[in-house]
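Undergrad: whatever this is, show me its structure:
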Amino acid sequence: MEQLEKKIKGFVPLLNERLTRLYLGYEALLLGRGGITKISRLSGVNKETIRAGIKEIKGINPLSDPDKTKDRIRKEGGGRKRAIAKQSAALPALLKLLNAHTRGDPMGPLLWSSKSLRNIEKELAKEDIRISYVTIGTILKENGFSLQANRKTDEGSSHVDRDAQFEHINKTAISFIRANQPVVSVDCKKKELIGNYKNTGREWHEKSSSPKVNVYDFPEKAEETISPQSGEKTKDMRKAVPYGVYDIQSNEGFVNVGINHDTAEFAVNSIGYWWNKMGKERYPNAEKLLINADGGGSNSSRSKLWKIELQGLSNKTGLEISVCHFPPGTSKWNKIEHRLFSYISINWRGKPLTSYQTVVAL
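TA: Here you go, the predicted model:
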């Protein structure tokens with residue numbers, strides 16, 4: 001009996017639940033009468049478990065029923081019932097709660113609050129449905145729900161000929177490029193505050209040594225300026241106004257950083273700087289220039305000053321200047337946005353723009 005006890009204590013820890021049950025049942029069968037009691041005492045396993053093992057041993061016939069030999073620990077349907085099975089009203093109530101929010105029902109309980117799992121749990125509890133926020137998350141995933149952010153897809157109303165407008169812009173640009181005439185995309189990037197202010201993004205730093213910036217975006221020392229129109233003195237925050245010119249054919253960009261406002265005069269001056277520093281060297285035989293621009297802002301299609309300044313630039317350079325404006329609501333389709341400005345944002349992420357020199361260097 002000592003040998004059997006040693007064998008059981010040394011062998012049973014290596015087996016899973018089902019194999020343990022079968023092994024102890026087999027040893028009990030070998031002992032004969034009283035074997036179940038003896039094996040239960042030696043192993044510390046309940047007698048009912050050993051009896052179940054004996055029944056399985058007697059019922060297994062690999063030739064006639066091979067599925068019974070599979071390494072399954074519990075029978076089909078074993079274990080606790082799922083919480084959703086116990087609360088049959090939970091799923092309809094949960095979907096009703098979320099759909100009311102989606103449709104904008106003014107009486108929806110979660111319309112003006114966060115749809116967090118814990119808030120949903122509280123709202124279901126008011127209907128006497130007790131279910132944890134973890135289970136709610138599982139149910140939502142099983143029913144096709146997921147956490148999603150807003151997507152910028154609604155561009156507002158568009159002209160019926162918008163597609164034709166883009167085709168015209170594309171054909172015009174292709175004809176200029178084939179003739180080796182410059183085609184540029186222009187726009188003004190978002191104004192940036194100059195100072196020790198937070199810039200979105202993260203960069204690698206030693207642990208606990210991240211740059212310390214101001215809590216608020218209030219100017220520490222506002223600069224005093226005089227308005228040329230009214231002559232009044234005003235105090236403005238220092239800002240950088242990056243106006244970009246992107247050469248589509250050569251895939252090169254040029255940025256002119258202003259220090260006050262984005263005006264039509266500033267926009268055309270930036271294009272002029274690009275031509276003097278890069279354009280005329282790359283296109284020495286150029287006779288024409290095509291500018292792709294948004295329909296608003298300093299380069300607006302309705303701005304008279306923009307057209308007057310362009311005429312002045314044409315007179316100085318001798319270039320025949322054509323402008324193609326994008327339709328309303330399509331500024332994000334401008335190539336300069338994802339070919340030039342996106343890389344600027346990536347380059348100065350997590351870096352405070354403390355001076356104009358920093359802006360230009362980055």
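Undergrad: hey, let's count contacts and neighbours off CA atoms from now on
TA: Fine.
Undergrad: shaky segments in the stretch 101-250 of the chain?
TA: Residue ranges of the stretch 101-250 of the chain with pLDDT under 70: 101-114, 155-156, 219-237.
Undergrad: all the strands of it, residue numbers only.
TA: 183-188, 192-193, 223-226, 233-236, 239-247 (DSSP state E, counting those that start in this stretch).
Undergrad: could you check how far the second one is from the centre of its chain?
TA: By that I understand strand 192-193. Chain-centre distance of strand 192-193: 24 Å, with Cα atoms, centre = their mean, to the nearest Å.
Undergrad: residue closest to the middle of the protein?
TA: The chain has residue 149 as the residue nearest its centroid, 7.3 Å off, counting by Cα atoms, centre = their mean.
Undergrad: Three-state assignment for residue 336, please.
TA: Assigned with DSSP: H, G, I helix; E, B strand; the rest coil, residue 336 falls in the helix class.
Undergrad: who are the packing partners of the helix ranked longest in the chain?
TA: Looking across the chain with DSSP state H, the single longest helix is helix 162-178. For helix 162-178, the helices and strands in contact under the criterion 3 or more Cα pairs under 8 Å, 6 or more residues apart in numbering; DSSP states H and E are strand 183-188.
Undergrad: adjacent strands (with direction) for the strand it packs on?
TA: strand 239-247 (antiparallel), strand 288-293 (parallel) (DSSP bridges).
Undergrad: okay, the ones you listed, which one's buried deepest?
TA: Sort those by mean neighbour count, taking mean count of other Cα atoms under 10 Å, and strand 239-247 sits at the top with a mean of 24.
Undergrad: convert the C-alpha atoms of that one to PDB, please.
TA: Extracted in PDB, the C-alpha atoms of strand 239-247 (Å, rounded to 0.1, in the frame of the first residue of the first chain):
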ATOM      1  CA  LYS A 239       3.300  84.100 -33.900                       C
ATOM      2  CA  ALA A 240       5.000  82.300 -36.700                       C
ATOM      3  CA  VAL A 241       3.000  82.200 -40.000                       C
ATOM      4  CA  PRO A 242       4.500  79.500 -42.300                       C
ATOM      5  CA  TYR A 243       3.500  80.000 -45.900                       C
ATOM      6  CA  GLY A 244       4.500  77.000 -48.100                       C
ATOM      7  CA  VAL A 245       5.200  76.600 -51.800                       C
ATOM      8  CA  TYR A 246       5.400  73.000 -53.000                       C
ATOM      9  CA  ASP A 247       7.000  72.200 -56.400                       C
END
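Undergrad: quick revisit: next, the buried residues of the longest helix of the chain.
TA: For helix 162-178, a neighbour-count test (16 or more other Cα atoms under 10 Å) marks 169, 173, 176 as buried.
Undergrad: the second one contacts residue 290, doesn't it?
TA: In this case it means residue 173. Yes. Between residue 173 and residue 290 there is a contact under Cα atoms under 8 Å: 7.2 Å.
Undergrad: from the chain's centre, how far out does the longest helix of the chain sit?
TA: Going by Cα atoms, centre = their mean, where helix 162-178 is centred and where its chain is centred differ by 32 Å.
Undergrad: angle of that helix against strand 288-293?
TA: 150 degrees (axes from the mean of the first three to the mean of the last three Cα atoms, to 10 degrees).
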